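S.K.: Would you be able to build a 3D model of this:
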Amino acid sequence: MSPPPPPSTESRADVQTHNEDHATPVRRIVCPELDHGLQPAYGAPFCTRDAITKVPPVYPDLARERNVDGQVEVAALVCEHGRVVEIRVHKTDSHLLDQAAMTAVAEWKFAVAPAACWVNTPVNFRLH
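M.R.: As a prediction, the model looks like this:
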């Protein structure tokens, strides 16, 4: 079997879904490396991985209008290649911030590692 082709430089498509209890937002992301037969380990352990690139969140207009700030704690499944392939909101100070947090973390890049793992990370929103 030949190795998978190199990662695409094209932008990744994503699919927004919700988990089984419909309470917590979940985002699954199509990773080019995974499209070539590599499967993420959804039962992967939690670990500490360094984010190489962190895209800051865009403050949601409605949250800004309502003076909402706070923190969204997300769990991101990071594949071996350092790409985020799934994001789940673990805890949130306001649901108005959830989508912006997931959108930002979806663009983060992590250090390459021998196996996929879940990474917990806070995303902070401050008005002042």
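S.K.: what bits of the protein have low per-residue confidence?
M.R.: Low-confidence segments of the chain (pLDDT under 70): 1-42.
S.K.: any chance you could map the strands in the protein?
M.R.: Assigned by DSSP state E, the strands in the chain fall at 14-18, 25-29, 51-53, 70-78, 84-92, 109-110, 117-125.
S.K.: contacts for the shortest one?
M.R.: What that stands for is strand 109-110. When contacts are defined by Cβ atoms under 8 Å, 6 or more residues apart in numbering, strand 109-110 is touched by residues 49-53, 78, 82-84, 119. The way it works is simple: take the backbone N, C-alpha and C, and place the C-beta from them, glycine included.
S.K.: what's near enough to touch residue 97?
M.R.: Counting by Cβ under 8 Å, 6+ apart, residue 97 touches 57, 60, 63, 68, 70, 72, 123, 125.
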